[in-house]
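Novice: give me a model of this one.
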Amino acid sequence: MFNLVTGPRLQAVVAFGNKAKDIVNLWPGHGGVPVFEIAHPSSYNPIILLNEWRAAVTALRAIVTPDSKAKAKMPNYDTSFVAADYVPIPRADLPFGVAPHLGDDSWVRALNPMHPTSVERPQPDDRHTLIWKAPTS
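Specialist: From the prediction side, this is the model:
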């Protein structure tokens, strides 16, 4: 499957999390395409997450041609998350048929107490399970 995306238009690969890193490292077809291995968005460590994402965004901006509708001049991540960092994922970037609330966690951040995301891992973490919350209304 990965070999189907290679070619002159492939400018970079971003591997989110350890499993993605493992898979990309097993893929001989990525050749000389830059690979960015960064923490998964569900990481419990916001400092590592912010540092790795900030470095990747800086490097990607120098090598990837922005989409025609992209906001490539938006600010990069700072040293802590702010409300503007939590933008909805464009519907066109999500798989067909997913629930309407997926890709937009604004509802869960409005709860009291606030939660940064609608996804959590069970405690103790079995390293295999993610739990998605859905809005009640």
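Novice: for Pro66, grab phi and psi.
Specialist: phi -70, psi 150 (degrees, to the nearest 10).
Novice: quick check: chain neighbours aside, which residue is closest to Val64?
Specialist: Gln11 (4.7 Å; CB to CB, 6 or more residues apart in numbering). Every C-beta, even on glycine, is put in place using the N, C-alpha and C of the backbone.
Novice: tell me the domain ranges of this structure?
Specialist: Following automatic domain parsing, one finds the domains of the chain at 1-85, 92-137.
Novice: what would the ones you listed look like in JSON lines with mean pLDDT and mean neighbour count?
Specialist: Shown next, in JSON lines, are the domains of the chain (pLDDT from 0 to 100; neighbours: other CB atoms under 10 Å):
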{"stretch": "domain 1-85", "mean pLDDT": "84", "mean neighbour count": "13"}
{"stretch": "domain 92-137", "mean pLDDT": "84", "mean neighbour count": "11"}
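Novice: helix, strand, or coil at Asp22?
Specialist: Secondary structure, DSSP: H, G, I helix; E, B strand; the rest coil: Asp22 is helix.
Novice: how close does it get to Thr6?
Specialist: According to CB to CB, to the nearest Å, Asp22 and Thr6 sit 19 Å apart.
Novice: checking the most centrally placed residue in the chain next. Helix, strand or coil?
Specialist: Nearest to the mean C-alpha position of the chain, counting by CA atoms, centre = their mean, stands Pro41 at 5.3 Å. Recorded secondary structure, Pro41: coil (three-state DSSP).
Novice: who are the contact partners of the nearest residue to it once chain neighbours are set aside?
Specialist: Spatially, and ignoring its direct neighbours in sequence, Pro41 is nearest to Phe16 (6.7 Å; CB to CB, 6+ apart). By CB atoms under 8 Å, 6 or more residues apart in numbering, the contact set of Phe16 is Ile38, Ala39, His40, Pro41.
Novice: my read: the second one touches Leu49, true?
Specialist: Yes - taking contacts as CB atoms under 8 Å, Ala39 lies within contact range of Leu49: 4.6 Å.
Novice: shared neighbours, the two?
Specialist: Going by CB under 8 Å, 6+ apart, no residue sits against Ala39 while also sitting against Leu49.
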